[in-house]
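Visitor: Quick one: sequence plus predicted model below, questions after.
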Amino acid sequence: MDARIQQDGRQDAQPDAQQDAQQDAQKDAQKDAQPDARRQQDARRQQDARMQPDARMLLDPPIQRLAARQHGAFSGEQLRRAGVPGEELARMVRRRLLDPVHRHVYRVGGDDASPFACAMAAIVACLPSGCDDAVAADATASHWTAATLWQFAPDDVQGTAHVICPRQVRVRGVSVHRLRLPADERVLLRGVPVTTPARTILDLAAVATSRELEQAHALAERMGRVRREEIWAIVGRHPRARGIVLLRRLLTELDALGLPPMLLRSRAEGEARDVTASGGLPRPLANAHVLGLEVDFLWPALRLIMEVDGLEFHSSPEAVQRDRARDRILVQGGYMVLRFTWRQLTVERDVTLATLAAAIGARQQLLALGALVRE
């Protein structure tokens, strides 16, 4: 009797198990089909993109010329003056021939948003009514936008576009600085009105930290964009400019020590620079060369070196062995080497500052006793 009940139970369970298996198979098939469907959609989308002609080729010749002159950016008013009515403009936006950038400002659809195109779009957004030529207008890319175009903005600096304009203008996504710019502090760079490098450094002093300002200054000097006497000249021309105290203090310190601005290559080096500055320690050289090796920070007279062990380049066993070999060469050459980790530079900053200050004090005593050889 019990055997028959068990057998009947197994027979009843078989259809349910088969049904569950079929449902699972259907679900697996649907899952497998989903990536295939997505791949097919992507393939069709790519094929449509290849068949779609360049948006510039579909624009009327007057608009093409305007796009070529203004890095693909123009205002709605400029388009209307070029013969594009409002309904046609709306149709071009729907067809993605034009992409909205700012209010009443458009860019050729599909164009890469290069720094020059973004700067020109911000300039166009600040144009006065009736202006047909952004290049000849009085709006100028400035501050971090200008530094980016001149290629001496630090990589980690992000922000809105900056434009100097003599009028009161409000544009979402654009920081407009209302002032009248002297004609000799404005140039054309690849067709974009931009502040000169020296003027750009002056403007950065109003919006940058001391570290960012010095980094931009260092990059500009390294690239040959500007000379220090040019920066001093523009400081003298605008003695009441915003940030002038910060810039003047930086230039005065560099001149007094006869040192170039620090060109830092990582966030860890920036933290180390802030530690030395906050403690009022003597200013070191950054990324200097000693005994054929490049070191992070160097106090030449004290024969003292500070190395920053960031996680990116100093965490692997091979990197540790390489750092030790470097340290042996430097110590054998008469240098003292201090190494600090990211945690020591940030979380344990006070301890790091005390350690560094003690080492500098000890080396200064040795120097006073003639125990160190001056370089």
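Guide: Ah, there it is. Numbering: from 1, shown residues only.

Visitor: hey, where'd the strands end up in the chain?
Guide: Assigned by DSSP state E, the strands in the chain fall at 73-75, 98-102, 105-108, 140-141, 161-165, 174-178, 186-189, 192-195, 285-290, 293-299, 304-309, 336-341.

Visitor: With distance to residue 326 and mean neighbour count added, can I get those in TSV?
Guide: Placement of C-beta: from N, CA and C, glycine included. Converted to TSV, these look like this (distance: least, Cβ to Cβ, whole Å; neighbours: other Cβ atoms under 10 Å):
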stretch	distance to residue 326	mean neighbour count
strand 73-75	50	28
strand 98-102	49	20
strand 105-108	50	25
strand 140-141	43	28
strand 161-165	42	26
strand 174-178	44	17
strand 186-189	41	15
strand 192-195	42	26
strand 285-290	10	16
strand 293-299	6	20
strand 304-309	8	22
strand 336-341	8	18
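
Visitor: Just put the ones you listed in JSON lines and tack on mean pLDDT.
Guide: Output for the strands of the chain, formatted as JSON lines (pLDDT from 0 to 100):
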{"stretch": "strand 73-75", "mean pLDDT": "85"}
{"stretch": "strand 98-102", "mean pLDDT": "86"}
{"stretch": "strand 105-108", "mean pLDDT": "86"}
{"stretch": "strand 140-141", "mean pLDDT": "95"}
{"stretch": "strand 161-165", "mean pLDDT": "94"}
{"stretch": "strand 174-178", "mean pLDDT": "93"}
{"stretch": "strand 186-189", "mean pLDDT": "95"}
{"stretch": "strand 192-195", "mean pLDDT": "95"}
{"stretch": "strand 285-290", "mean pLDDT": "90"}
{"stretch": "strand 293-299", "mean pLDDT": "94"}
{"stretch": "strand 304-309", "mean pLDDT": "93"}
{"stretch": "strand 336-341", "mean pLDDT": "94"}
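
Visitor: Which among those is found nearest to residue 318?
Guide: Taking Cβ to Cβ, strand 304-309 is the member of those nearest to residue 318, at 13.8 Å.

Visitor: what's the closest one in contact with?
Guide: Contact with strand 304-309 is made by 266, 268-269, 271-272, 284, 290, 295-299, 323, 327, 330, 335-342, 345, 356, 359-360, 363, as judged by Cβ atoms under 8 Å, 6 or more residues apart in numbering.

Visitor: The residue nearest to the spatial centre of the chain and residue 142, how far apart?
Guide: Note on the chain: the residue nearest the mean C-alpha position is residue 155, at 3.3 Å, using Cα atoms, centre = their mean. Between residue 155 and residue 142 the distance is 20 Å, computed by Cβ to Cβ, to the nearest Å.

Visitor: can I get the strands of the chain in TSV with distance to residue 120?
Guide: Converted to TSV, the strands of the chain look like this (distance: least, Cβ to Cβ, whole Å):
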stretch	distance to residue 120
strand 73-75	5
strand 98-102	10
strand 105-108	9
strand 140-141	8
strand 161-165	10
strand 174-178	12
strand 186-189	11
strand 192-195	5
strand 285-290	35
strand 293-299	39
strand 304-309	39
strand 336-341	44
